[in-house]
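>>> Have a look; sequence and predicted model below, questions after that.
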Amino acid sequence: MTEGIEQKAVQGIGRLIWRGVKRLFRIPRPTWQQQALERQTQIAILKTGSDSDLQRAVIEGDKLLDFILTHRGAKGSHLGEKLKRGRALFASEESYRAAWEAHRIRNLLVHEYTRVNSAVCRKAIDNFMKAYKGLGL
C-alpha cells in the first residue's frame with residue numbers, strides 16, 4: 001500500500017518539475033496581428049508564382065480576411081456576413097469594396113469552378129492587400 005502512495009508522490013513531484021521546466025522555456029505565442037502579418041507575407045510570396053500559386057494565394061487571402069475580421073469582432077457564420085456586419089471596421093469605402101471584389105473572385109474559384117486568369121488573380125490579391133490595410137494590418 002505504501003508503494004502506491006510513494007509512486008503517486010513521485011509522479012506528482014515529476015509533474016511539478018515538468019511544469020516548472022515548461023514555464024522556464026515557454027515561447028510566447030504570437031499575437032493574432034503577428035500571425036496575420038506572417039500569413040500576408042506568405043500570400044505575397046505566392047503571388048510571384050505559377051497560376052496555381054496565384055489561385056492558392058486568392059484562397060489563402062480570403063481565409064486571412066476572415067481571420068482578421070473575426071479577430072476585429074465581426075460576427076457571422078461566413079465571410080459574406082462578416083463583411084456586411086464589419087463595414088465600420090474598414091478605414092475607407094475603397095478598402096471595403098476591395099474586400100468584396102477579392103472575395104467575389106475567390107467565390108468564382110471555389111464555388112463555380114471558374115478558371116480565372118492570372119491577371120484577375122493578381123488584382124484580387126492586390127485588393128486583399130488593400131482590405132488588410134483598411135483593417136489596420
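Nice, thanks for sending it over.
>>> now the end-to-end length of stretch 17-33.
Length of stretch 17-33, first residue to last, CA to CA, to the nearest Å: 33 Å.
>>> Need the contact partners of that stretch.
Contact with stretch 17-33 is made by 38, 67, 71, 137, as judged by CB atoms under 8 Å, 6 or more residues apart in numbering. (C-beta placed from N, C-alpha, C; glycine too.)
>>> pLDDT weak spots in this structure?
For the chain, residues meeting the criterion pLDDT under 70 lie at 1-3, 113.
>>> What segments of it are helices?
2-24, 32-46, 51-71, 79-85, 93-110, 118-134 (DSSP state H).
>>> would CSV of those helices with mean neighbour count be doable?
As requested, the helices of the chain are exported to CSV (neighbours: other CB atoms under 10 Å):
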stretch, mean neighbour count
helix 2-24, 9
helix 32-46, 15
helix 51-71, 19
helix 79-85, 17
helix 93-110, 18
helix 118-134, 20
